[in-house]
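K.L.:
A structural model of the following input is requested.
(chains A and B)
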Amino acid sequence: MKRLLTACLLTALSALPLHAQTAPFDMSPEKPAGTAKPSPEQQAPSPANQTTAPAVAQPSPARGPSIRYIIPQDSLSFSGENGEKTWAVFITEEQAASPVSLSLTYQNSLVVAPEWSSLTLAINNARVITEPVQSSEGQKTLTVDIPQGILKAGLNTFRMATSLRHRTDCTVQSTYELWTEVIPSKTYLSFADDGARRLSKIDDIRAVGVDASGNTTFNIVVPAVDRMAATAPMLHLAGALAVLANMPNQLVNISAGLPNEQSPGALTVLLGTDDELQDISGSFTPITPGAALAAFVDDPATGGSVLRLHGPDWQTVTNAVASVVDPLKRDVSVPRSFLATQTWRSPDVPLMLGASRMKFNELGVETRNFNGRRLRTEFAIGVPSDFYANEYGKATILLDAAYSEDVLPGSQINIYVNDNIAATLPITTAGGEILRHFPIHFTMRHFRPGANMITLEAVLNTKSDAACEPGAGASTVTRFALFDTSEFVMPTFARIGTLPNLAGLSGTSYPYGRSDKPLPVVLNNEGEKSLSAAATLLARMSVAAGRPLEVDPRATANSAVNSNALFVGAIPQIQSTVLTQTGINENTRTVWSDVRGVQPAAEAADTRTEFDQWRERLAGRGWRGQISSFDDWLNRTFNISLASFTFHAGGEEPYTPEQAATLLVAQKPNPAGNGVWTLATSATDEHLLLGIRAITQQDRWSKLGGHISIYKAATDEMQKVAVGEFTFMPTQPLTFSNLRLIIANWLSGNILSFSLLLIVVSALLGIATSRLLSNLGRRI
Amino acid sequence: MRRFGIIVIWLFMSVCVLLLVTLPVNLQTQLIAGATVLFMMMVLKTLKAGGIWRLIALAFGTAIVMRYVYWRTTSTLPPINQLENFIPGFLLYLAELYSVMMLALSLFVVAMPLPHRTSRPATRGHLPSVDVFIPTYNEDIELLANTMAAAKAMDYPADKLTVWILDDGGTLQKRNAEKIVEAHIADKRNRDLTALCQALDVNYLTREKNVHAKAGNLNNGLEQSTGDLIAVFDADHAPTRDFLLETVGYFDEDEKLFLVQTPHFFLNPDPLERNLRTFEQMPSENEMFYGIIQRGLDKWNAAFFCGSAAVLRREALNVTGGFSGISITEDCETAIALHSRGWNSIYLDKPLIAGLQPATFASFIGQRSRWAQGMMQILRFRFPLFNGGLTLPQRLCYLSSTLFWLFPFPRAIFLIAPLFYLFFGLEIFTASGGEFLAYTLIYMIVNLMMQNYLYGAFRWPWISELYEYVQTVHLLPAVISVVLNPRKPTFKVTAKDERIDRSRLSELATPFFVIFLVLLVGVGVTVYRIYTEPYKADVTLVVGGWNLLNLIFAGCALGVVSERGDKRPSRRVKVSRRCEFRIDKTWIQGTIDDASVNGIRVQLLGDLSGQLSVDMISDVRFKVSASGMMGDLPVQVRNVRKQAGETSVGCMFMPDEPSDHSLIADLVFANSAQWSKFQLDRRGNPGLIKGTIWFFGVSMFQTYRGLAYLFRRLTGRDKTEWERS
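P.N.:
Numbering: from 1, shown residues only, chains lettered A, B, ... in the order given. As a prediction, this is how the structure comes out:
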């Protein structure tokens, strides 16, 4: 599926012709558009509403029902015996009032037994689809009418869940063959009312939704795209739109002309002075003097709406942008308590800034009674960008659970953090047991700034599965229960910023999210592509920061030597000082110059990694096998590799990316050492746009990390270069307890330093004791 | 000012170490740091680095132990809502904390023990007058005769030396006992002792009632005597000639000195040494106490009175109204009372008496029960930590000495803790196999290494654990009873001159066999669990290993309670002294080769086997070191052996006059150098690895021996034959 994604991305802008074909008929009677009540005035008192209130555009008979795709990702697969996804969809008042039906298309693996397997979809806790999973031959589309009153204006919680059982097999292994795939491009809401297409309030931007592949697109049309004065407002606006819509995969297109087509999941925004907009807004409601500076206007061509920000001059246009941005502003000093993830993962992820505990039901995990073999459930925990407890930290789950006497010892409960195994709790008691707040400690090694997925998996071996009599899958006897009174306990953890830290950028836009000054952005080539790329990146960063980032466009790197800066551009436009400063080899220019088809002579691998690989290859051979199996155990248990045994990370060599790298993101302190420079560069503007669109997608964005991250479009891979040298950047008062934990984390990563320190301090104590004892008590 | 600076620096370094070891670093870091520190300690130990390096090595060890305690406290306790795990888990935790606390206290005590004091002979000019007290209750008169003779023979002006027999076995109360047999025995004892005392020029003193046991008896002696100093010897503790000259000089130097204590040196093995046959090769149990702990206490002016082989100042004793008698260990209690009034003590690390210790396991346990109960009473009635008169170091020292006797509790917990897991599947120590390796194993090795560093030459590896284990079984009830009824225990005199003429199981052996069996079942369960529950094999292996270690102790203890028959009741000491041996009327030149309190072996020139016969009565004549005169001692020939150009004659003493005892005492006890030499010959640190291998070997053999004894007792087969063997 992922391979397809790249292709999809390239065509993301063009509307898929499939829509028309797959859009099913709608049985609900068409209501007169006029019944849609005009929304009460939400904007500043202005005649703005007049533009939307009169239902000027009559639904043309050619136009089908208004559809909204609901799955905010390009593919959705439920694997294993149970799966679920909960997210929220914003519905406008017009949409809530409209008759609506829901289509859902899925396909499942051959081995799923339909009689014991089900797929359910609930909206706001009302179950609208319950379907025995029975479509292994091909895709099956279900269409249901959603009764009035279930969908409400505002956020609506969608919850899709599967329970799959194998036809013949009872092993744990067999559960990996179970899957059900929901097809996002064929899963949508259809609104009968034509008015449902229209957006009327600024807040309705949240209802833009997604397209068939889960993307949200903002087409910002700036006729004066080349004007310097336009750069800041458009980038700023991109951030604001992104924060407001807050969808997982958002793209920003900046162009001088209107897009060809208005498709679901896309919003067209017109930005410019009245004069500039005159040429392109011919078909829209004409700009009347005194009209709202920022408001939706109807698009007669599509029946939808476009957002128009205008003014007599750029100063006013900037103010118009500010009127959208300002309500979203958040004071830097006010920390968020939640990361807004509802549109792709509900509930919002709690941001834990220190010691705290949360019950599973607050984290969206419900009590479950489970009769299968492998139960997986997950929740998310947010940590701040100055989280500095990866090396030493341990979090705890206080598990409330029970297992029946059918469960055999040797079963286990696993905890995964961001898909890395973090703890295993073997079930060792036969005869069933109730666990009451049973502590499972697990490493926080895989935690990263921002949201972290914590998966709890119970792997149950049972006597009845060993026998596996026919129809065993139908058994309804509960084997395992997980109670929502279980708790996640976050200990007090070390907090200090480190730089570079691209994971921090990905998680909370660190360090830019914490600065109240506009972020200097250096765009050397203000073409539409690089502007779109920069806007997409800034939009993503704004979402991560939880507030629109203010930007300060600059022309050259020299103007930012003393401050934070973001550099976006194709490599020919990037100044050498920026490359040097961010640790990128100057010869990257040559590598990326067009020499396609020529394979690099040899891949220079890191000696140390190479050594470890060789050691791994030769492990377990011959008589050394016994020793190396102990060595393996050491490795598994203690995770010790040669890299742990350095006192000091030596000076880093400038990095040269592979030729296949599409995009490179690098971060380093600025030359003055008082700010952070981040560089996003590619061989060409096309690559830049492609790469940035790819990495700002939710699942790839969360893989951003280290000192340098690269994205390879050909293989759809993210790679990172681990942070070597770094500097601390205090974000919290260095209290004793914080300092202690910071030191603990640092020493945990610098094993030899700890040993050395322990020996030196102990030896000094020994000497001091010797002096003390010679001076106290009797002497002879 | 300088001292203050040093204290501040030390405190600062301590805080640094404390901060460092309480950092919550990850497991890898702990493993590497632990291994590195362990390696450093091994290097220092291999190099036999002393002085400042010894303290650096100990500081390394302390850091690891503190890390273990930090981890143990923060990460391993079972959750409190699982009471079935938490309660035993917490008890185990407390037991470990106790062990760590005792390690800390003993580190404090023996971190830098005082070196040997140089000899400080008293100036002959103005010697203080000395009363020698020999308290007795029911000891053999023969035994007393030797002790009295040796006391009388001490090199000291006769007009300043008065020897007192303080007889509690012949009191009026005893003589008028309701039971006629007892009364008769007491009356006879009274008469015999009076006669013996007259003959040896010793004052006999008894009293009306046996009140306050030994302390009361000594206080009675105090009332009747006037000497400046009091020397106390147990009935079986015969002093060497130089005892007083070596000790009284210190009282001149320090007016506030109330005690000079010397070590107790034993001529016979304790039951463990006898049954394991280690007496000649391994340092005795009490050598750790007298060889290093008392020296450590001495550094802090906290060396305490051990009931015998000590000299005390009457003036000081008068301050507290004599010897204290609230507890049944009056000696230590008296020392606390005087220390807390500002009096000083010193310890002289030179054996100046030779005595006996309990020979049977039962009397050994009886003696230890008294010590344990007495120390518990002191802990209860004179809690040292809050005793305002004591200095802080003294408080810690006394705390260490008294709290030591709580060891039966942790020992018992360590014994049964693995069984909780093996038998009931309780998880009372939550840790993974990796954590056991990185924390517990390193801690255990470091702990053993520290003990070896501190006591290496005086205590071989695992021997402390063995002693504690064999005592625990019977001391645990004794300690619990004194905790419940602190005033109940009464002074019981330990029998020391028993003979074991037949090999047999001790009357206290049963529990040891039961425990052994239970632990053996535990080993079986371990194997069963490893095979049937492979998913937790790592924890099972660790716990099973721990249980196996307990089984090794328990097996070794089986040998301890299997009492070997001993033909020779008292040990011989090398003497090498010219003598003449009478064959009929002729005196033949010879050498006394060795001597015991029962007899001697004489080497005579030439083949005289024809002229000697077993059971022949004869005399041995030699120069008495006390008087410089020749003395004749009647002997009976027990065996004659021909050697190249020599005849070796084994003789038994046949003392018929009291003065003969002076001759025996002169032969056996007079020379203090021989005791020092005997001890030094046994000292030597085999090291941790060699010592461990040796111990495991001993343990395997003793397990076999114990089981063989049990088998024979159960079958009752060829009893006589066995006894002969």
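K.L.:
would you map the strands across the stretch 501-650 of chain A?
P.N.:
With DSSP state E, counting those that start in this stretch, the ranges of strands along the stretch 501-650 of chain A come out as A:519-523, A:551-554, A:565-570.
K.L.:
contacts only, for A:Ile571.
P.N.:
Applying CB atoms under 8 Å, 6 or more residues apart in numbering or on different chains to A:Ile571 gives the contacts A:Thr588, A:Arg589, A:Trp592, A:Thr681, A:Ser682, A:Ala683. (Glycine included, C-beta is placed from N, CA and C.)
K.L.:
next, the closest residue to it other than its chain neighbours: secondary structure please.
P.N.:
Ranked by CB to CB, 6 or more residues apart in numbering or on different chains and with sequence neighbours excluded, the top spatial neighbour of A:Ile571 is A:Thr681, at 5.0 Å. At A:Thr681 the chain is in strand, as set by DSSP: H, G, I helix; E, B strand; the rest coil.
K.L.:
how close does A:Thr681 get to A:Ala714?
P.N.:
Using CB to CB, to the nearest Å, A:Thr681 is found at 18 Å from A:Ala714.
K.L.:
who has more neighbours out of these two?
P.N.:
Between A:Thr681 and A:Ala714, counted using other CB atoms under 10 Å in any protein chain shown, the more crowded position is A:Thr681 (28 against 10).
K.L.:
my reading is that A:Ala401 lies in a helix. Confirm?
P.N.:
No: A:Ala401 is assigned strand when assessed by three-state DSSP, not a helix.
K.L.:
neighbours of it, just the number please.
P.N.:
So A:Ala401, with other CB under 10 Å, has 25 neighbours.
K.L.:
show me what it is bridged to.
P.N.:
A:Leu435, A:Leu482 (DSSP bridges).
K.L.:
ok, now which ones touch residue 492?
P.N.:
Going with chain A. Here A:Thr492 is in contact with A:Gly354, A:Ala355, A:Ser737, A:Leu741 (criterion: CB under 8 Å, 6+ apart).
K.L.:
try chain B instead
P.N.:
Contact analysis of B:Lys492 by CB under 8 Å, 6+ apart lists B:Gly366, B:Arg370.
K.L.:
before we move on, back to that, closest to B:Ser659 out of the strands of the stretch 501-650 of chain A?
P.N.:
B:Ser659 lies closest to strand A:565-570 among these, at 109.3 Å (CB to CB).
K.L.:
follow-up on the earlier one: what subset of the contacts of A:Thr492 is buried?
P.N.:
Those of these that meet the buried threshold are A:Leu741, by 16 or more other CB atoms under 10 Å in any protein chain shown.
K.L.:
relative to A:Asp74, which of the strands of the stretch 501-650 of chain A is closest?
P.N.:
strand A:565-570 (24.6 Å).
K.L.:
of all the strands of the stretch 501-650 of chain A, which one is nearest chain B?
P.N.:
strand A:565-570 (34.7 Å; CB to the nearest CB).
K.L.:
now the strands for the stretch 551-700 of chain B?
P.N.:
B:562-563, B:573-583, B:586-595, B:599-605, B:617-623, B:630-643, B:646-653.
K.L.:
quick one: the longest one to strand B:573-583, angle?
P.N.:
Angle, strand B:630-643 to strand B:573-583, by axes from the mean of the first three to the mean of the last three CA atoms, to 10 degrees: 100 degrees.
K.L.:
up against chain B, what does the stretch 251-400 of chain A have?
P.N.:
Within the stretch 251-400 of chain A, the positions near chain B by CB under 8 Å from any CB of the partner chain are A:Glu391, A:Tyr392.
K.L.:
state the pLDDT value of the residue of the stretch 601-725 of chain B at minimum distance from chain A.
P.N.:
As assessed by CB to the nearest CB, chain A sits closest to B:Ser676 within the stretch 601-725 of chain B, at 18.4 Å. Looking at B:Ser676, its pLDDT reads 87.
K.L.:
distance check, the residue lying closest to it once chain neighbours are set aside against A:Thr175.
P.N.:
Excluding its sequence neighbours, the residue lying closest to B:Ser676 (CB to CB, 6+ apart) is B:Pro351, at 5.9 Å. Distance from B:Pro351 to A:Thr175, counting by CB to CB: 77 Å.
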